[in-house]
Each structure stands twice: as C-alpha cells, then as structure tokens.
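Chemist: Dropping the sequence and predicted coords here.
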Amino acid sequence: MNRHLLSAGDLSREDALLVLDTAAEMEAALAGRSIKKLPTLRGRTVVNLFFEDSTRTRTSFEVAAKRLSADVINFAAKGSSVSKGESLKDTALTLEAMGSDAVVVRHWSSGAPHQLSHWIRGSVVNAGDGTHEHPTQALLDAYTIRRRIGRLEGLNVAVVGDVLHSRVARSNVLLLSTLGAEVTVVAPPTLIPVGVHAWPCAVSYDLDAVLPKTDAVMMLRVQHERMQGGFFPTTREYSRRYGLDSRRMASLPDDAIVMHPGPMNRGVEIAAEVADSVRSTIVEQVANGVSVRMAVLYLLLGGQTDIDPGPNEAVAS
Amino acid sequence: MSSWVIEGVRPLGGEPTTLFIDAGELVEDRPVGAQVIDADGLIALPGLVDLHTHLREPGREDAETVETGTRAAALGGFTAVHAMANTDPVADVAGVVEQVWRLGDQAGHCDVRPVGAVTVGLGGERLAELGAMADSAARVLVFSDDGKCVHDPLLMRRALEYVKAFDGVIAQHAQDPRLTEGAQMNEGEWSGVLGLQGWPAVAEEAIIARDCLLAAHVGSRVHFCHVSTAGSVELVRWAKSKGWDVTAEVTPHHLFLTDDLVASYDPVFKVNPPLRTEADVTALRAGLADGTIDAVATDHAPHPLEDKESEWAAAAFGMTGLETALSVVAASMVETGLLDWAGVADRMSVRPSRIGRLARHGQPLEVGAAANLVLLDPSARWTVDPGATASRSRNTPFAGRELPARVVATFLRGRPTVLDGKPA
C-alpha cells in the first residue's frame, strides 16, 4: 500500500483485495462484541479535515477511527471557492505541527488531497475531492458487492447518473475494473465526460438496454445544481429516462443488487420502493463503510498489531 | 553613447563576422575606442519583441513591476515588449498607457509598448477611447481585452473597423465565455480523469473563425493571442489562404507542455488558454514552422506565490515566460529541426515588430539598423531555477528543466542591457 489513499487508481489489485479482506476481518473481529473497539491504533491521531459538509462520510470515518482506538479530531475548515479562509497550506502546516498521523480530507476542489500530501508527513486519505474521486466509497461499494454476490471478477456493474461530476463514479470505474468487473457507465450524453473513451469501462445512454445484463446497478445522486445547469430538460424527464423505478428493477436478473452512495433523491434517480426493496444494499453500504474505513486507516497507519484482540481481552486499558 | 565591436559572431547562425555598433546603430566601420566582445560561438539575432507581456503595474506590483518585468525581458533577449492592458486601473485611457510607457522609458531595460484595452474596463460593453490612446505619448497601436474575449460580435466588428483609422490592430483573446464558464483545464481525457472542468478547443476556434470572417468582411487586420489548438492553426491557415490580414501568436509553453502535467494538481501548470494535447503541440509547432503562426509571444503572467499555492480551482491562471522563451523555442523548434535561427529571428523579432508596427525593431542586422540585438550561446544548457529569475514572481512551469541556449548579451539601441548573461 502507498502511504496515502488519494485515488482508487493508485490501488493495485493486491492492495484492493487486501483492503477488502482486512475489512472482512474487522467486521468479524467486532461481530457480536458488546464493546465495539479494537486497540490497534491506540495513541495515534486521525484528523477529519472537512472543507465541505458531509455528515455521513465524516461520521463514518470518525466511527472507524474510534473503533480502532485512535484519537479523532474533527476539523471543520472554513473556506469555499468564494470565501477563502485560511489557505489549504496553512491548515496543513497547522495539522502537521499538532502531530497528526492521518488526515482524512474532504474538499470542494479536485486535487486538494494530492496537494495536502506534499505538505503533510502523515497519511492523507481522500474522503472526496471536488468532482474527482472518493476512493473509500468505491472500496465500500466493492466490499458490498463481494459480500452480497460473492465475487467481483466478471460481474457486470452499471454506474448510472451524473458521471461527469461524480467522484463516486470515477473511483468505482477505476477500482471495479482493477478487480475484474465489467463496468458500464450510463447517463445522458451531457453528463458523460468528453474523455470517457479512455476510461476502463463501457458507455451507454440507454439504461433499459443495460439493466437486463447487470449484476449490480449503482444509482448516482442527481445534484440540485445540475438540475439547474441545463444538463437535462427537467427532473421529470431525467427520472423517466434514467431513474430506477420498480418497472425497470424488474428487468434486472434475479440476483442483481441495487446500490446508492447516498444521500438519495427518492423519486428522482431512485424510486422509494426500489430503495426499500430487498435488492437494495443502501443501508448495508453504510455499515460496510465503517469496516472498510477501519481497514484503510489500519493499513495506512501500518497497523502491525494483530486485529483480533483475543477472546477475553477486548480493550484492556 | 557607447560603441562596441562584436567579434566572431554569427548573425542568424550564419558565417562568423564582426559587427560594429556606434551611436545606437550598426555601422560600417570599426568605431574608435570601442569595447570589444569576443563573440566566438555566439549567434546574433535582432532583439526579441514580445507581443504579449503582463507587467502588472499599475495595481499588482506585488506580482511584477514595469522595472522588474522589463529587466526579466532584457535577460530573455527582448528589446521591446507589449504590456497588456489588464492592470488595475485598466489601461483603457491615455493616462494609464502613458504612465506605463513612461515607467518603461525610465527603467530603460527595453522598449515598453503599452497595449490599450478594447473596451472600457475590459467590460466588453463599449469601446474605450482607442483614438486617444493612439494619439497619446504611448502611441498605442495594439488593442486587446486580453484575459477576456471581445465576445460581442457587433462590438468586435466596430473595434476592427474603428482602428483602421490609425492602422491599429485588435489582438483577440479567443475564448467563448459561455463555453468556458468555470473551466479549469483542457477538455479531454485528462479533465475527465482529474475531475476538473474542461475548456474545450471549440471555445477558442469558434471565436477565431468568427473573427477571421469579421476582419475579412470589414477589411481590417486581426491578431490572435496565444492560439493553443490544432484547429486554430487550421483556421488561421485557411484565413491566410484567402489573403485576409490575419496574424497569430503562440506561447512557448503551448509549444512545449501538455495537459498531462495537470495530473500533479500543481497550479504552476494552470494557464489560460490551458495546456493542450500532444497533437495540439505538434500542430502548433508545424504552424509556427510554416509561418501560419506568425510569432512567439510569451504571455508572461507573473503571480505571487500565494495565488499559486492554493487549491487548483482557486489558483490564478498564468505562467512567467520572458526569461525562458528563447530557450523553450530553441528546444521545441531549433533542436527538432523545425526552424533555423533565421526562422527564430523571424518569429520572435521580425514579424512581431511588423504586427506591432515597431519600425526600429526586428530589422535585418545590417548597417543602418538600430542596434537592437541579442547574442546567444546556442551550445549552452542551463537549468531553470525559479529563485534566480529577475521577475518578481516565481511561477515558471519550467522549474528544474534543463533547456538549451542562453542569452549572453542584449543591446537596446547600442547600449547593453545584459552582458555576460547578467543585467548590464
């Protein structure tokens, strides 16, 4: 593993499988325990540096770090593209001076975690940067698919929606193709990036044609500002052409699953009855997110200690 | 006024000879008491002329001043620069262009030709007093809203027509504003991967096509700043084939660097128009070689460190270029066999002088010409150190690169502004 996790593309197949296997061990180690805590990262400091609000991702990382007994500092930094507060570099140097072992960063600007990694000695984990990547989301999605279907190799995965602006789509295309899945991105042509032909995936504008041969369909959130930006005529039309309703869900193979990174726009990209159906993995994805982020922090911070705390020990001190 | 003997120098890379300088001109006979320069192995070119320089004064003296910018220009072999109008206040009235011209005159490192804004405040809504700027002491003939496109087609038509009265030229920053809202880098494979909003080639090409047609329609000349795409080269080639009075410039960085560098997310590579693809670089080089592109212009755009050490999306657009231009052209055009040194002189001095109507620059190195010239060592190689530049800013994309050819001396009307590679 590299010292940082900036892009899903940085993970080799071996690295990615190691994260997924470690996440499974994490899950198993905590299963059935009343005290959900491992001593592995005791004394280490993890900073959640969030330049953009994201309660779910921040909480997921916070729970993951705490379950590994790390000290967690939540650092909600001001500063949007409009009102620049303290510079990214000064924030980085401040955290560095406080002695952080890992910085989990969410930022509105694509590439900010890359830049941070030049200024910080500890590990940098990209928790979503602009419209670039969100590698731990892809890892938890891969984990979820493998847990539900049993494998990734040779599976057909459709990623549906605003691919152009989606960091989830970018990371998933890279990671799932590394792991041997066949990925198809599906969107109206206005929401497909110009350079997509170089991506390790297929492209389709026709959701109905793709669904019958899909093992896992991942619905992306339609951002409110895209609805205003003229990328498609109306939300209703988007929903008709690219939304997953129960009629469309019925065209999926029997064992296929339905995924969504959340937060959902029920009734836009996904119908409520689909989100709540047995095929839906949406709640599992959240739970798996904690295990996967535990694995990432553990591996990046060089967790040498055995994950298994032993039958009677749990968190001793 | 000093007199000089330059021995063993190769004008335009030709046979070694001796040049005599006296009273600001190249002269026939050896001047009495002249200082002698052993120029064995050096090449003489007419002093370089930059059609596109941001000197930042007035307004952003933290980035550059006329003094520091023109010193950098002299070190880069330039004897004249055109100072762009996007200062604060904007150079859209006679007072501001005269101030910039005077500052240049006082600094004395090279001639400063202010560029006047086409529209008031670069606002794109109504014409600035172009005639007043032309009639001022600064004698402005090149007008540009550079940094912004004169997007309104009717306003562009009027501007093209209006400057005919005093032989002016509109230098268009070709960028359709709607197609490039929020744009961060070239739209292509890399923008898709990096999640940065794309700046499509068509946004430049559509404006170039339109303005070629407008210039032809009203019988004006038009100049295109920093063309960056293969399609732009084709359009300019087409317009020239029609006999229209269209000229174009390319920057050294667009001749040398490509958009894959953006993968570092280092804003030193953030520039407008953005770095393009290898295919564009190849087409730009070919266009410069065959004369479709008339000139190399630096688009020297200094920025203080804090404006470049931020998130990519928040960082300023622009790169410095005055001190590296000749070397980058040597690397991309001479070492590749696309241009000889006479060709470099044509594209970096003769033709830009003609576009800017600078009678005493870009002249042949012959008796009677103004002694505006640069001596360069074609065999030298040097490594770009941003800390060692004369520019007040450090945002060179060539930092750490080894480049060929080094400016040894620059003469402005017979007076050395640079000797032994240092300010004289």
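Modeler: Structure received. Numbering: from 1, shown residues only, chains lettered A, B, ... in the order given.
Chemist: Quick one: neighbours of the residue of the stretch 251-400 of chain B found nearest chain A, just the number.
Modeler: Nearest to chain A in the stretch 251-400 of chain B, going by C-beta to the nearest C-beta, is B:Tyr265, at a distance of 3.1 Å. Quick note: C-beta positions are derived from backbone N, CA and C, even for glycine. The number of residues packed near B:Tyr265 is 25, by other C-beta atoms under 10 Å in any protein chain shown.
Chemist: My understanding was that it contacts A:Ser117; is that so?
Modeler: No - using C-beta atoms under 8 Å, B:Tyr265 is not in contact with A:Ser117, being 9.9 Å away.
Chemist: for the residue of the stretch 251-400 of chain B closest to chain A, what are its contacts?
Modeler: Contact analysis of B:Tyr265 by C-beta atoms under 8 Å, 6 or more residues apart in numbering or on different chains lists A:110-112, A:114-115, B:194, B:312.
Chemist: what do you get for B:Leu338?
Modeler: With C-beta under 8 Å, 6+ apart, B:Leu338 has these contacts: B:285-286, B:288-289, B:332.
Chemist: how about 6 Å then?
Modeler: When contacts are counted by C-beta atoms under 6 Å, 6 or more residues apart in numbering or on different chains, B:Leu338 touches B:285, B:289.
Chemist: ditto for the one 10 residues further on
Modeler: For B:Met348, the residues meeting the contact criterion (C-beta under 6 Å, 6+ apart) are B:48, B:296.
Chemist: tell me the secondary structure for it?
Modeler: For B:Met348, the assignment made with DSSP: H, G, I helix; E, B strand; the rest coil gives helix.
Chemist: Can you mark which positions in stretch B:205-222 are buried?
Modeler: Within stretch B:205-222, the residues that count as buried by 16 or more other C-beta atoms under 10 Å in any protein chain shown are B:205-212, B:214-216, B:218, B:220-222.
Chemist: from the residues you listed, which single one is nearest B:Asp38?
Modeler: B:Arg221 (43.1 Å; C-beta to C-beta).
Chemist: Surely the closest one is in contact with B:Asp245?
Modeler: Yes - using C-beta atoms under 6 Å, B:Arg221 and B:Asp245 qualify as a contacting pair, with a distance of 3.7 Å.
Chemist: Shouldn't B:Asp377 be within a helix?
Modeler: No - using three-state DSSP, the secondary structure at B:Asp377 is strand, not a helix.
Chemist: That one pairs with what?
Modeler: B:Arg406 (DSSP bridges).
Chemist: Hmm, it is touching B:Ala409, no?
Modeler: No - using C-beta under 6 Å, B:Asp377 makes no contact with B:Ala409, being 9.9 Å away.
Chemist: neighbour-wise, which of the two wins?
Modeler: A direct count of neighbours by other C-beta under 10 Å for B:Asp377 and B:Ala409 places B:Ala409 higher, at 26 against 18.
Chemist: State the helix or strand in which that one lies.
Modeler: In this structure, B:Ala409 sits in strand B:402-412 according to DSSP states H and E.
Chemist: Chain B contacts on the stretch 51-200 of chain A?
Modeler: Residues of the stretch 51-200 of chain A lying near chain B by C-beta under 6 Å from any C-beta of the partner chain: A:81, A:87-89, A:109-112, A:114-115, A:130-132, A:193-196, A:198.
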